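*Asks:* what shape does this take:
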Amino acid sequence: MNTGDTSNLVRVYDTLNFVEENYSRLISVKELEQVSHYSYRNIQRIFKYTCGETIGAYQQRLKVENAYKMILYTRETLSSIALEVGFANVASFSKAFRLHFGMSPSEARERKLPLLAGAEIVPQETATRLMPEIIYVPPVTVYYQSAFIDYNHEEVEALWERFMLHQFDGAGTVFYGIVADEPLIRESLKCRYDACASTQGIKGKLPSKTIPAGRYASFMHYGSYENIEDTYQKIYAGWILDTHLEFAPTPVIEKYIKHPDNTASIAEQETAIWLPLQ
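*Replies:* Prediction:
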């Protein structure tokens, strides 16, 4: 994500967040102007410069990508998914989906297991599977900074280094990461990741958003963040393949319980991974 004037960036973040929360319905010009405090022409121009695509293209991408998540992780019918993400009918859904992914929604469902296998997500023995705690999380207001990055330790760490320049009050601040995109379906694109804190930064204004309330499957990762992908691999190759629960298309949340700022021991670091449930 390109950066420029801070006030412009906050307004773009507010617009981005508004579109994410309302992607499945028609968003009016007046609403975009109200949330961004810019004319429609100006927010379109600034949004495209900052995010690399128009607001309309971003909303359409959210529709089809969230639909793909539901194809992968729920048992809903394709017609139900089409309506839920904002398409008037299956025909318009199928057309948009094929334009974005090069295949129909029904083909995507048929390719689910090959897709998982291609990502080396194959069933594990029951005895070695990680099991989650099913929790309810109330809504949490956070202040955040976004980046479109490769989801790996180095790029996430670089974002956090920039984010922590805001100097948060460490006494009561809780830190979160929001993994907004599903890497499985975005092989050639950067994934959006938000570095979040429960209190505003002392230096510089940050935009705010709400981590949605709801049920989550909570898994624990212990030790360095560098190998958190190993824990994700165990989650996706184990419990997630045969659970009777269905997943929501909202982002995965990481809660950093023990991290380098509050423990000197790498072995004591703890990260909760929350997978949203329907």
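
*Asks:* for G177, give its distance to E226.
*Replies:* 14 Å (CB to CB, to the nearest Å). For every residue, glycine as well, the C-beta is placed using N, CA and C.

*Asks:* that should have said I253, apologies.
*Replies:* Distance of I253 to E226, computed by CB to CB: 20 Å.

*Asks:* again, but for V142
*Replies:* 24 Å.

*Asks:* neighbour count: the two, which is higher?
*Replies:* V142 (22 against 13; other CB atoms under 10 Å).

*Asks:* residues contacting that one?
*Replies:* Residues in contact with V142 (CB atoms under 8 Å, 6 or more residues apart in numbering) are Y176, C196, A197, S198, S208, K209, T210, I211.

*Asks:* which two among these are spaced furthest apart?
*Replies:* Largest separation among the contacts of V142 by CB to CB: A197 and T210, giving 13.7 Å.

*Asks:* more crowded one of the two?
*Replies:* Neighbours were counted for A197 and for T210 using other CB under 10 Å; A197 has more, 22 against 11.

*Asks:* backbone dihedrals for the more buried one, please?
*Replies:* Dihedral pair for A197: phi -140, psi 150, per degrees, to the nearest 10.

*Asks:* so it sits right up against G177, yeah?
*Replies:* No - with contact defined as CB atoms under 8 Å, A197 does not reach G177; the gap is 10.7 Å.

*Asks:* common neighbours of the two, please.
*Replies:* Counting by CB under 8 Å, 6+ apart, A197 and G177 have no common neighbour.

*Asks:* what's the closest non-adjacent residue to Q200?
*Replies:* Sequence neighbours aside, Y143 is the residue nearest to Q200 in space, at 5.1 Å (criterion: CB to CB, 6 or more residues apart in numbering).

*Asks:* what lies in contact with the helix or strand hosting N17?
*Replies:* Assigned by DSSP states H and E, N17 belongs to helix 6-22. Applying CB under 8 Å, 6+ apart, the contact partners of helix 6-22 are 3, 27, 31-32, 35-38, 43, 46-47, 50-51, 55, 58-59, 62, 144, 146, 180, 204-207, 209.

*Asks:* for this structure, which element, helix or strand, carries the lowest mean pLDDT?
*Replies:* helix 112-118 (a mean of 58; mean pLDDT, DSSP states H and E).

*Asks:* buried residues, the helix or strand just after that helix. List them.
*Replies:* Downstream of helix 112-118, the next assigned helix or strand under DSSP H and E is strand 133-137. By neighbour count with 16 or more other CB atoms under 10 Å, strand 133-137 contains the buried residues V137.

*Asks:* repeat for stretch 268-276
*Replies:* The neighbour-count check on stretch 268-276 (16+ other CB under 10 Å) flags Q269, T271, A272, I273, W274, L275, P276 as buried.

*Asks:* pull up the per-residue confidence for the closest residue in space to the last one that isn't next to it in sequence.
*Replies:* Nearest residue to P276, sequence neighbours excluded (CB to CB, 6+ apart): A248, at 4.0 Å. At A248, the predicted lDDT confidence score is 85.
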